[in-house]
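S.K.: got a predicted structure here, sequence first:
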Amino acid sequence: MTKTRQIRYIIFLKDVLILALTCFGGPQVHLTMFLDRLVRKHNYISEAEILELQALCQVLPGPTSTQTITAIGFRLGGPSLAYLTLLVWVLPGTILMTLAALGVSFVGEANLINITRFIKPMGVAFIIFATYAIGSKVIKTKTSVVLMLFAAIAAYIFHSPYITPIWILLGGLATSLKFGQQEKMEKQPIKIEWGNFFIWLGVLLFAVVLGKLTHSLPIRLFENFYRNGSLAFGGGHILKPLLYNEFVEFKHYLSPDEFLSGVALVEVAPGPVFSISAFVGALSMRNWGMGGEILGSAMATLGIFLPGIFLIFFVIRFWEQLKKYRGIRASLEGINAASTGLTAAAALSLFQPMATDVVANLTVIFTLILLQTRLVPTYLIILGGLFLGWVIA
């Protein structure tokens, strides 16, 4: 590796760390910040390429933002830089959510809910702003407008985790029929390297068998989160109900109030929304003491992030060949349109319970003004909301 390239990789990892400390609000919000720092500021990748990668990651299960930024690292420096990118991106949010879990018994659930009272309306504002920012880039045809509206209506009416992958695939299929408008490119036979796919499947089967044989709680936690990470299409908004059903309703490892506190706190934590798994994993092993909570956080974090990374490493190796097919390139319009509609539906669903709350409405409006004018950095907006909640609490 040349010295120039090594320096570029170090600068890239520094940018990833800055994003890991300042990105809040989920994949669509993260994408706007990726575009600012990784495209416009340092030109690691083109805007078209990052939108392609985001669309590809939305089709796969797992954490969309994590897969996107890891894929960028893979493009720049191969697997080594990609794994370093993953570590730098995931670590800050995971550490904060682990500390939050350790502090639940110290602070108390009621105080946690009061401290984070402004964070949820701020999170809604972030999602609304992301819908507008990304939609203005990808919604350019009548077809994409229709697909966006249908996806938003379907997701708002039918609260099912299956809506996200169904509408993303339907959107992609609808616009793939417009392949005749795409430029013809010279195609070659697709060479698929199956290694990462078999690693993903092998780890899943091994964890299931080992958990059954040993009945070890840490191993079973890893398997639980690995399975959920393999099923969560559409990012953190889909993961939350999956974790709630398994760890609150079924296994009773957490109380509903504890889980809701974690949901609010993950809006405060920078980085991927999937870091809520560290919070859930830690509290699932609280009976083992502080060491057990840290172990539970580590097993949950590994379990939730690994499947999505194995799958993006599997697909990214033949993506350049695959996208030479006009139908694949045409499908990206529909995937992006459906994703924008799903994000809008998430914003509306989250806003509805607070629609009659004057303070929440003012918080949303004020946050949108700050985001649009860019007068205040994102992390200061979140910290300001947290500080106000603490003063009231």
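M.R.: Yes, it's here.

S.K.: C-terminal to the host helix or strand of Gln58, what's the next element?
M.R.: Taking DSSP states H and E as the definition, Gln58 sits inside helix 47-59. Sequence-wise, the next helix or strand downstream of helix 47-59 (DSSP H and E) is helix 64-107.

S.K.: ok, and for stretch 196-207, which residues are buried?
M.R.: Going by neighbour count (16 or more other CB atoms under 10 Å), the buried part of stretch 196-207 is Asn196, Ile199, Trp200, Val203, Leu204, Ala207. In this view, the C-beta of every residue, glycine as well, is placed from N, C-alpha and C.

S.K.: quick one: the third one from Gly62, how far?
M.R.: What that stands for is Trp200. Per CB to CB, to the nearest Å, Trp200 is found 10 Å from Gly62.

S.K.: quick check: neighbours shared by those two?
M.R.: Shared contacts of Trp200 and Gly62 (CB atoms under 8 Å, 6 or more residues apart in numbering): Ser230, Pro307, Leu311.

S.K.: for Phe24, state which of the residues you listed is nearest.
M.R.: Phe24 has its nearest neighbour among the shared contacts of Trp200 and Gly62 in Pro307, at 24.1 Å by CB to CB.

S.K.: work out for me the element the closest one sits within.
M.R.: Pro307 belongs to helix 289-322, assigned by DSSP H and E.

S.K.: list the buried ones in the helix or strand following that helix?
M.R.: Once the chain leaves helix 289-322, the next helix or strand it forms, by DSSP H and E, is helix 326-351. Using 16+ other CB under 10 Å as the test for burial, helix 326-351 gives 326, 328-348, 350-351.

S.K.: and stretch 382-392, by the same measure?
M.R.: Neighbour-count burial for stretch 382-392 [16+ other CB under 10 Å]: Ile382, Gly384, Gly385, Leu386, Gly389.

S.K.: what comes into contact with it?
M.R.: Contact with stretch 382-392 is made by Phe24, Asn114, Ile115, Thr116, Arg117, Phe118, Ile119, Met122, Glu267, Val268, Thr363, Val376, as judged by CB under 8 Å, 6+ apart.

S.K.: one more pass at 6 Å, please.
M.R.: Here stretch 382-392 makes contact (CB atoms under 6 Å, 6 or more residues apart in numbering) with Phe24, Ile115, Thr116, Arg117, Phe118, Ile119, Met122, Val268.

S.K.: neighbour-wise, which of the residues you listed leads?
M.R.: The most crowded member of the contacts of stretch 382-392 is Met122, carrying 28 neighbours; neighbours defined as other CB atoms under 10 Å.

S.K.: name the residues of stretch 274-287 that are buried.
M.R.: 274-286.

S.K.: what do you get for stretch 177-185?
M.R.: Lys178.

S.K.: now do that stretch: distance to the chain's middle.
M.R.: Between the centre of stretch 177-185 and the centre of its chain there are 31 Å (CA atoms, centre = their mean, to the nearest Å).

S.K.: CA atoms of it as PDB?
M.R.: Extracted C-alpha coordinates of stretch 177-185, given in PDB (Å, rounded to 0.1, in the frame of the first residue of the first chain):
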ATOM      1  CA  LEU A 177     -40.200  -2.600 -16.700                       C
ATOM      2  CA  LYS A 178     -38.900   0.800 -18.000                       C
ATOM      3  CA  PHE A 179     -35.600  -0.800 -18.900                       C
ATOM      4  CA  GLY A 180     -35.900   0.300 -22.500                       C
ATOM      5  CA  GLN A 181     -35.100   3.900 -21.400                       C
ATOM      6  CA  GLN A 182     -31.700   2.800 -20.000                       C
ATOM      7  CA  GLU A 183     -28.600   2.900 -22.000                       C
ATOM      8  CA  LYS A 184     -27.300  -0.500 -23.200                       C
ATOM      9  CA  MET A 185     -24.000  -1.600 -21.700                       C
END
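
S.K.: contacts for that stretch, please.
M.R.: With CB under 6 Å, 6+ apart as the test, stretch 177-185 has contacts from Lys324, Arg326, Gly327, Arg329, Ala330.

S.K.: model confidence for the second one, exactly?
M.R.: To tie it back to what came earlier, the one meant is Arg326. In this prediction, Arg326 carries a pLDDT score of 78.

S.K.: show the average pLDDT along the helix holding Gln58.
M.R.: On average, helix 47-59 scores 83.

S.K.: that one packs against which elements?
M.R.: Applying 3 or more CB pairs under 6 Å, 6 or more residues apart in numbering; DSSP states H and E, one finds that helix 47-59 contacts helix 64-107, helix 326-351.

S.K.: which positions in that helix come out as buried?
M.R.: Ile50, Leu51, Glu52, Leu53, Gln54, Ala55, Leu56, Cys57, Gln58, Val59.

S.K.: what's next to that helix, contact-wise?
M.R.: Here helix 47-59 makes contact (CB under 6 Å, 6+ apart) with Leu31, Val39, Thr64, Gln67, Thr68, Ala71, Ile168, Leu332, Ile335, Asn336, Ser339.

S.K.: what about the residue nearest to Gln321 when sequence neighbours are not counted, which helix or strand?
M.R.: Nearest residue to Gln321, sequence neighbours excluded (CB to CB, 6 or more residues apart in numbering): Ile190, at 4.8 Å. Using DSSP H and E, Ile190 sits in no helix or strand.

S.K.: no further queries at this time; thank you.
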